[in-house]
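Student: for reference, the sequence and a predicted model appear below.
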Amino acid sequence: MRRLLITAILAVVALSIATATAQIPQHPSQLSFRPLPFEPPKAKDYRSVLSNGMVVYIKEDHTLPTVDIRATIRTGSLYDPPDKVGLARMAGEVMRTGGTKNISGDDLDERLAFLGASIGTMIGTTSGSASMSCLARDREEVLKLFADVLMNPLFAEEKIKLYKDKAIEALKTKNDQPRAVLETEFRKLLYGNHPLVWEETKTSIEGITRQDLMAFHSAYFAPNNIILAVAGDFQRQEMLQKLEQAFAGWQRRPVTIPRIPEVAAKNRPGVFMIQKQINQGYVNVGHFGIKDTNPDIFAINVMNFILGAGSFTSRITSKVRSDEGLAYNTGSRFANEHLFPGTFYGYVQTKSQTVYYAISLILKEFERIRREPVSDEEMETAKNYFLDSFPDRFSTAIGTMSTFASLEYDGFPLDYFDTYCAKIRTVTKEDVLRVAKKYIKPDEMTIMVVGDIEACKKGDEKHPGTLDQLGRITEMKLPDPLTGL
Amino acid sequence: MRSRHVTHLACVLVLFWATPALHAQELNLEDQVIEHTLDNGLKILMVERHEVPRVVCHIYYRVGSVNERPGITGISHFHEHMMFKGTRTIGVTDFQADDALNRQIDSLYHLIYREKYWKRDGDQAKIKWWEAQADSLMKYEKRYIIKDDLWETYMKNGGTGLNASTGKEITGYYVTLPSNKVELQMWLESDRMLNPYFREFYSEKEVVREERRLSENSPGYFFREQLNATFWAASPYAWSVVGWDADLQKLTKQDMIEYNRRYYVPNNAVAVYVGDINPQGIIALAEKYFGRIPRGPDPEPVRTTEPKQYCEKRLYGEAEAPPSVTIMYHVPPAGHPDAEVFRVISGLMNGTTGRLYKKLVKEKGIAVEASASGGGMMYDGQYSFSGRPKSEAGHTPEEVEQALYEESELLKKEPVPEYELQKVKNQTEANFVQSLRSTYALAARLGRAELGLGWRDLQKSLERMKAVTAEDIMRVAATYFVKDNRTVGILYRAARTPQGRRAR
């Protein structure tokens, strides 16, 4: 009897397991998903202009009791005078640390720290930014401080000195990281003597004065030269009014953005090596790429996803990392610039003995994608990825507002994202082949290796071949970062 | 939380801008997190966020380098890599055929490893011969392998944030998917838990070794690794997550299988879903997919406890890196009543208004950077002060070391003023709220906390932190910041020859 019962229980258990597992498809390809329509938010719905000309993208978001504001300012280190390299970057930091006409830098630090809020400013190569973040209850006070920093920076001498000390100390560490050395020197090789790649030195940093910083601020910081992204726990109309008040008294005025010399986009084929006593070669293989306004950009993105940007689904990663176990990091990149042609390159970091072999595999993939059409599956994967992950761009309110601010900053149409998916959908295999042929030039590759030169030059037993088979080798000297010489 | 707040604001804010909005302490995670536990012990945590039709899906296991032992260091991280190489169902066209090949390859490597690592003078010719055989079998195996199937499946379904990471105590697997495709994650992740298979073990081992080399080439890495190994006498926190290279070389397939069986069980894991979800739907899917996985024996927590240190340890090194000093102290594990005090001490020390920057960088001008960090981990704790001297002006790590001691001595002698204490508490609380904004970060915090002291402790620890007094700080500093309890690491910049080769 007891035995029978156990058998019966077992039978029921077995049956329920059977039905449970029966519901589970054998393979994920058998899963079906309900459709998921997604309409991206429209930039124009969030756009306002303050009376002084400041553009504002603003969205209420009541998820958490916080407020975020990010400002984009049309400026950049690109406009540094040749004898004042580092000016924009210094201005970007000291305008915040140096305090304002109304509050010292130290008091500003203290007050923000007490509120658990933050205000930051920085200037990059082609744009400047300022941001604030606070709990919603403190938004009025922090906004006033934020506006004060943008309008009235003092550039206090003591904070200039602190900045200079730190910047000069940082110069000394500049050649420590092999990856940083590779990226900097690769760009310098391509762009030549152009403001894009000018570097600070001890002399240039020391030569920058408070007057330079003040003049820099007057030249670029005007309300009509700034775009705000605002999101958080507030009422939209109320916040717009507070923004008007915070920046009241800041008048619009003409801002002149200097003309920048054209980049002479001439590729420099060859093998360039920089000595570092490390156990891997850090490699970039590439040449000039495109501007982000290039109409082929959608086809290029699909092509590059298949080639080397789609992580493990891409050919380079699959071959060099997954198949051969040669590297942890490998792939290809179009580092698009807005005002200039960017760069295109394959990259890998691999032990010295396999440097030649890994590069040769990457070059083979460059050749292959130019020679034969990609497969239907590769096209499907790439396009699905772009389409299905598209909503990610709008996952936070402040991120979405910043995205719209960048569209406007770079002069893209405000409905850019309305047509984004359609543009990805229409990319064909022929387009991919065409752009691969047009934008990848195997004969013009600059191959740069940072590593132990002698160890990297020769291959190993298992993968014979030496670097000089890829082009003439030039050994480059790393400049002393303090002097640039 | 949300609705109460919004209706309240709508009528009042028009009149009073300065109305105190929701105070951070009113932010209650308890109202937002939904939890459910399957019969097999797998915990499911969910938070609804409907901004976009996407869901952050994370799975965390309570396993990391702290669970390793000498000889298999690095295996947790290596295991994380192997989990992307497919399963008995994913990544393979004909499992039987593939498995047969793998058995042959494994037997060859068994011979190779014994010859290579068990003997002093192994027979090189034999090793070469076996390696060649294994190579050709692995080439042959490629016909059965669907390359990076798991990754590709995720990506073509719009998976982003796709990755995994291993730490000292926790391993996480991440993907963000369209909200209609959570079932795909359930399928793939429950399959990874149920049907692991360690394909391409030997080539992936080389990838892991390349990853280790990348770390080694980061300036000062070897020194930091040695410093850490010196600080811990008995605890498995002594080795880095990536492991020692010698151990990596010798790890076997069998080690991996045993490790997997012990730790990668549902009762040692938590699955987190944050985003555009319907919690009931998630629970139903989880029951269906993860519910089929049998519970495993509960893994034993780490046995070893770090013994008391009775003498100061010091380490000097050189590297192509900025000169620096690090002072490390042993402190209690997370959950200990003193643990929250260290959080407050970090607040006092760090940032531009923190004591270290004010004193060492601004006032004395001897350092370019100084900070303090650390606290309780799952089994033991570590707290360190560190700084970088302004070397251009001739300042040394030793000078910075003395200045750091002055700051820890001050903590023992003078009660922290009320204002300063309040500032730190405000900051910590605000940072906590800010950190919940990103759905990805929220998932990560919840999952990791759950496997530590439980996700509810995120908020409770905040309350404990707010209760810390000036006296607590004096007592804790006096107890732990003492000479016999510390390890000091001093790193000098290595001299370089004009050719950029390190002088020896």
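Tutor: Arrived safely, thanks for sending.

Student: who's the residue positioned nearest the centre of chain A bridged to?
Tutor: Against the mean C-alpha coordinate of chain A, by Cα atoms, centre = their mean, the closest residue is A:Ala335 at 8.5 Å. Going by DSSP bridges, A:Ala335 is paired in beta bridges with A:Thr343.

Student: surely it meets A:Pro341?
Tutor: No: contact between A:Ala335 and A:Pro341 fails when scored by Cβ atoms under 8 Å: they sit 10.2 Å apart. All C-beta spots, glycine's among them, are computed from the backbone N, C-alpha and C.

Student: what touches both of these two?
Tutor: In the contact map built from Cβ atoms under 8 Å, 6 or more residues apart in numbering or on different chains, the residues linked to both A:Ala335 and A:Pro341 are A:Gly289.

Student: give me the three-state assignment for A:Ser129.
Tutor: Using DSSP: H, G, I helix; E, B strand; the rest coil, the three-state assignment for A:Ser129 comes out as strand.

Student: around chain A, pick out the residues from the stretch 351-500 of chain B.
Tutor: B:351-353, B:361-362, B:365, B:368, B:388, B:390-393, B:419, B:422-423, B:426-431, B:433-434, B:436-439, B:493, B:499-500 (Cβ under 8 Å from any Cβ of the partner chain).

Student: hmm, stretch B:239-258 in reach of chain A?
Tutor: No: under the criterion of Cβ under 8 Å from any Cβ, stretch B:239-258 makes no contact with chain A; the nearest approach is 10.4 Å.

Student: for the chain, what helix or strand is lowest in average pLDDT?
Tutor: Looking at chain A here, since you left the chain open. helix A:2-23 (a mean of 51; mean pLDDT, DSSP states H and E).

Student: after it, next one along is what?
Tutor: Later in the chain than helix A:2-23, the nearest helix or strand by DSSP states H and E is strand A:47-49.

Student: now that next one: buried residues?
Tutor: By neighbour count, and taking 16 or more other Cβ atoms under 10 Å in any protein chain shown as the criterion, the buried residues in strand A:47-49 are A:47-48.

Student: now that strand, how far from the centre of its chain.
Tutor: A distance of 26 Å separates the centroid of the chain from that of strand A:47-49, by Cα atoms, centre = their mean, to the nearest Å.

Student: stretch A:329-336 now?
Tutor: The chain centroid and the centroid of stretch A:329-336 are separated by 12 Å under Cα atoms, centre = their mean.

Student: what is the neighbour count of A:Ala264?
Tutor: If you count neighbours by other Cβ atoms under 10 Å in any protein chain shown, A:Ala264 ends up with 10.

Student: what count of nearby residues applies to B:Ser136?
Tutor: B:Ser136 has 10 nearby residues by other Cβ under 10 Å.

Student: am I right that it sits in a helix?
Tutor: Yes: assessed with three-state DSSP, B:Ser136 lies in a helix.

Student: any chance you could map the strands in chain A?
Tutor: A:47-49, A:55-60, A:66-73, A:118-123, A:128-135, A:226-232, A:270-275, A:280-288, A:330-335, A:343-351, A:446-451, A:473-476 (DSSP state E).

Student: would you list those in a markdown table and tack on mean pLDDT?
Tutor: Compiled in a markdown table, the strands of chain A are given as follows (pLDDT from 0 to 100):
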| stretch | mean pLDDT |
| --- | --- |
| strand A:47-49 | 98 |
| strand A:55-60 | 98 |
| strand A:66-73 | 98 |
| strand A:118-123 | 98 |
| strand A:128-135 | 97 |
| strand A:226-232 | 98 |
| strand A:270-275 | 97 |
| strand A:280-288 | 97 |
| strand A:330-335 | 97 |
| strand A:343-351 | 97 |
| strand A:446-451 | 98 |
| strand A:473-476 | 97 |
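
Student: TSV for those, including distance to B:Ile345?
Tutor: Shown next, in TSV, are these (distance: least, Cβ to Cβ, whole Å):
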stretch	distance to B:Ile345
strand A:47-49	45
strand A:55-60	38
strand A:66-73	26
strand A:118-123	21
strand A:128-135	23
strand A:226-232	31
strand A:270-275	43
strand A:280-288	39
strand A:330-335	42
strand A:343-351	38
strand A:446-451	40
strand A:473-476	47
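
Student: who wins for proximity to A:Thr400 among the ones you listed?
Tutor: Comparing the strands of chain A by their distance to A:Thr400 (Cβ to Cβ), the top pick is strand A:55-60, with 6.7 Å.

Student: in that closest one, what's buried?
Tutor: Of the residues in strand A:55-60, those buried under the neighbour-count criterion (16+ other Cβ under 10 Å) are A:55-59.

Student: the residues of the stretch 351-500 of chain B next to chain A in strands, which ones?
Tutor: Secondary structure from DSSP E places B:368, B:388, B:493 of those in strands.

Student: helices and strands of chain B: which one has the lowest mean pLDDT?
Tutor: Across the helices and strands of chain B, mean pLDDT, DSSP H and E gives its lowest value to helix B:2-12, namely a mean of 33.

Student: what residues are up against A:Asp431?
Tutor: With the criterion set at Cβ under 8 Å, 6+ apart, A:Asp431 makes contact with A:296, A:299, A:302-303.

Student: let's see 10 Å
Tutor: For A:Asp431, the residues meeting the contact criterion (Cβ atoms under 10 Å, 6 or more residues apart in numbering or on different chains) are A:296, A:298-300, A:302-303, A:379.

Student: can you classify B:Val302 by secondary structure?
Tutor: Three states are possible here, and by three-state DSSP the one that applies to B:Val302 is coil.

Student: what residues does the stretch 151-300 of chain A have near chain B?
Tutor: On the criterion Cβ under 10 Å from any Cβ of the partner chain, chain B has as its neighbours in the stretch 151-300 of chain A the residues A:158-159, A:161-162, A:165-173, A:175-179, A:181, A:202, A:231-235, A:237-239, A:241-242, A:245, A:274-280, A:282.

Student: residue in the stretch 351-485 of chain A nearest to chain B?
Tutor: Among all residues of the stretch 351-485 of chain A, A:Asp388 sits closest to chain B, at 2.2 Å; criterion: Cβ to the nearest Cβ.

Student: show me the contacts for that residue.
Tutor: Under the criterion of Cβ under 10 Å, 6+ apart, the neighbours of A:Asp388 are A:33, A:36, A:38, A:421, B:54, B:155-160, B:177-178, B:180-181.

Student: which one of the residues you listed is nearest A:Ala215?
Tutor: The nearest one, if we look at the contacts of A:Asp388 relative to A:Ala215 and count by Cβ to Cβ, is B:Thr160, at 43.7 Å.
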